[in-house]
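**Q** Turn this into a structure:
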Amino acid sequence: MSTYSFEGRSTIVTGAASGIGRAAALGFARRGAKVLVADLQEEQARRVVEGIEGAGGTALAVVGDLSEQQVVDRVAATAAEEFGGIDILVNNAGVMDRMSRLGETEDAEWERTLRINLTAPFLLTRAVLPHMTRAGRGSLVFTASEASLRGGVAGASYTAAKHGLVGLVKSVAATYRDSGIRANAIGPGPTSTGIQVDIAPDSPGAAALAPVLGLINGVSTPEQQAAAILFLASEEASFINGAVLPVDGGWAAL
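**A** The predicted model follows:
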């Protein structure tokens, strides 16, 4: 168990109703953070908040589609007003594509995957940056993917979105470092999160992925991924900026 302290820190975690986001929200709360649970799933988000409060922590939920500007504005304003600022943002919410190659990718698949995996983190990061720059500090952690490090483990839209997310991380890290703001990402390998993968029946994507499945060294738990998020957000990682940390059992090293 790590000893990182987030006592009194205001923290936003997206996709916090389940999986990696839930594990991160609970981890921050156990270490003293005030946590805003942002998710589309109202009932599940409420249960996470109740769990945090039942353990003596402070949490609240904002429900909505984070690719919509009005929801993003509500998340940032609520955290700032209720918690007295915004110290940490974890851009974790995401969806899988249908494992389609570019030639078989339909507009709807492309637009949905980029909207949720790339546009939503852009919008929320933009919304919290004024709060962080005024405070002269802030930590941003993004959930990227093995698909942000290579080209053959997902469909075209998911791969493009996660590569774009890494570019966003590095841009923020480079341009806001003088403002006391750090931006980093984790690159999860296969994780038991329950995320739904609606693979198109005629998609060659799954077949293309099959040869690399044997390279995967097991499946991680959400808590293992959350541990990396907490580390990157902590003061112990204060000189780490613009990094993408693979959390994949060594898959990225192969």
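
**Q** doesn't residue 129 make contact with residue 86?
**A** No: applying CB atoms under 8 Å as the test, residue 86 and residue 129 come out as separate, 9.2 Å apart. To be clear about C-beta, it is placed using only N, CA and C from the backbone, and glycine gets the same treatment.

**Q** quick one, which of these two is more surrounded?
**A** Neighbour comparison, residue 86 and residue 129: the larger count goes to residue 86, with 25 against 19 (by other CB atoms under 10 Å).

**Q** Find the nearest non-adjacent residue to the more buried one, please.
**A** Excluding its sequence neighbours, the residue lying closest to residue 86 (CB to CB, 6 or more residues apart in numbering) is residue 131, at 4.3 Å.

**Q** Which helix or strand contains that neighbour?
**A** helix 120-135 (DSSP states H and E).

**Q** what about that helix, distance to the chain center?
**A** The chain centre lies 15 Å from the centre of helix 120-135; the measure is CA atoms, centre = their mean, to the nearest Å.

**Q** Give the buried residues for that helix.
**A** Buried residues in helix 120-135, counted by 16 or more other CB atoms under 10 Å: 120, 121, 122, 123, 124, 125, 127, 128, 129, 131, 132, 135.

**Q** in the stretch 101-250 of the chain, which spans are strands?
**A** 138-143, 181-188, 244-247 (DSSP state E, counting those that start in this stretch).

**Q** Dump those strands into JSON lines; add mean pLDDT as well.
**A** As requested, those are exported to JSON lines (pLDDT from 0 to 100):
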{"stretch": "strand 138-143", "mean pLDDT": "98"}
{"stretch": "strand 181-188", "mean pLDDT": "97"}
{"stretch": "strand 244-247", "mean pLDDT": "96"}
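
**Q** number of nearby residues for residue 107?
**A** Residues near residue 107, counting by other CB under 10 Å: 8.

**Q** With residue 156 instead?
**A** Around residue 156 there are 21 residues (other CB under 10 Å).

**Q** could you point out where the protein is predicted with low confidence?
**A** 1-2, 193-217 (pLDDT under 70).

**Q** mind checking the longest helix of it?
**A** Of all segments of type helix in the chain, defined using DSSP state H, the longest is helix 156-176.

**Q** hmm, back to that, tell me which other helices or strands the helix holding residue 131 touches.
**A** strand 10-14, helix 69-83, strand 88-91, strand 138-143, helix 156-176, strand 181-188 (3 or more CB pairs under 8 Å, 6 or more residues apart in numbering; DSSP states H and E).

**Q** among the ones you listed, which is nearest residue 247?
**A** strand 181-188 (5.1 Å; CB to CB).

**Q** quick one: that closest one to chain centroid distance?
**A** Relative to its chain's centre, strand 181-188 lies at 9 Å (CA atoms, centre = their mean).

**Q** Pull out the buried positions in it.
**A** Across strand 181-188, burial judged by 16+ other CB under 10 Å covers 181, 182, 183, 184, 185, 186, 187, 188.

**Q** what are the pairing partners of it, and which direction each?
**A** Partner strands for strand 181-188, per DSSP bridges, with pairing direction: strand 138-143 (parallel), strand 244-247 (parallel).

**Q** Any buried residues in the first one, and which?
**A** What it means is strand 138-143. Under 16+ other CB under 10 Å, the buried positions of strand 138-143 are 138, 139, 140, 141, 142, 143.

**Q** With stretch 78-90 instead?
**A** Residues of stretch 78-90 classed as buried by neighbour count (16+ other CB under 10 Å): 78, 79, 80, 83, 85, 86, 87, 88, 89, 90.

**Q** okay, those in JSON lines with distance to residue 33 next?
**A** Converted to JSON lines, these look like this (distance: CB to CB, whole Å):
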{"residue": "78", "distance to residue 33": "15"}
{"residue": "79", "distance to residue 33": "11"}
{"residue": "80", "distance to residue 33": "15"}
{"residue": "83", "distance to residue 33": "9"}
{"residue": "85", "distance to residue 33": "12"}
{"residue": "86", "distance to residue 33": "11"}
{"residue": "87", "distance to residue 33": "8"}
{"residue": "88", "distance to residue 33": "7"}
{"residue": "89", "distance to residue 33": "12"}
{"residue": "90", "distance to residue 33": "11"}
